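Asks: I'll drop the sequence and a predicted model, then ask my questions.
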Amino acid sequence: MSCVHYKFSSKLNYDTVTFNGLNISLCDLKRQIMSEKLKVANCDLQITNAQTKEEYTDDNAPIPGNSSVIVRRIPVRGVKSTSKTYVISRSEPVSATSKAIDDSSVPISLAQVTQVYL
């Protein structure tokens, strides 16, 4: 029996997937990891070789036995993200006491600045 050592990028310790043969296909490795560790089915896994940092992208790509890989959960391709982004406009001053700075004003000395801000 052969094995592939894997860990999620956020974890410290490796887990092991065992299989028959000299290598395992990327698709089979993903399926075994998902069945062992993940309850959610609406994600995909990004598998990267831990030593060479090469990302496996072909589902039929053979991953040699006794390899170590890093696993990241990613959204399924073609699925629209459910997160929302909000844009807040800050065109008005935050407080009523703030004043605009005029570039043509007289230069302020360091003593005056420290007196104002301290």
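Replies: Now that the structure is in, tell me what you want to look at.
Asks: Next, the buried residues of stretch 1-11.
Replies: Neighbour-count burial for stretch 1-11, counted by 16 or more other CB atoms under 10 Å, picks out 2, 4, 6, 8. Any C-beta I mention is one placed from the backbone N, CA and C, and that applies to glycine too.
Asks: Which members of those residues occur in strands, if any?
Replies: Helix and strand membership here follows DSSP state E; of the buried residues of stretch 1-11, those in strands are 2, 4, 6, 8.
Asks: Out of the residues you listed, which is nearest to residue 53?
Replies: Taking CB to CB as the measure, residue 53 sits nearest to residue 6 out of those, at 14.8 Å.
Asks: does that closest one really touch residue 15, like I thought?
Replies: Yes. With contact defined as CB atoms under 8 Å, residue 6 counts as touching residue 15 (5.9 Å).
Asks: any idea which helix or strand comes after the longest helix seen in the chain?
Replies: Using DSSP state H to define each element, the chain has its longest helix at helix 26-37. Per DSSP states H and E, the first helix or strand lying C-terminal to helix 26-37 is strand 43-49.
Asks: okay, that following strand in PDB with CA atoms only?
Replies: In PDB, the C-alpha atoms belonging to strand 43-49 read as follows (Å, rounded to 0.1, in the frame of the first residue of the first chain):
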ATOM      1  CA  CYS A  43     -16.200  23.600  -2.700                       C
ATOM      2  CA  ASP A  44     -13.200  22.300  -4.600                       C
ATOM      3  CA  LEU A  45      -9.700  21.500  -3.500                       C
ATOM      4  CA  GLN A  46      -6.500  23.100  -4.700                       C
ATOM      5  CA  ILE A  47      -3.600  20.600  -4.300                       C
ATOM      6  CA  THR A  48       0.000  21.800  -4.400                       C
ATOM      7  CA  ASN A  49       3.200  19.700  -4.000                       C
END
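Asks: Buried residues in that strand, which are they?
Replies: For strand 43-49, the neighbour count (16+ other CB under 10 Å) marks 45, 47 as buried.
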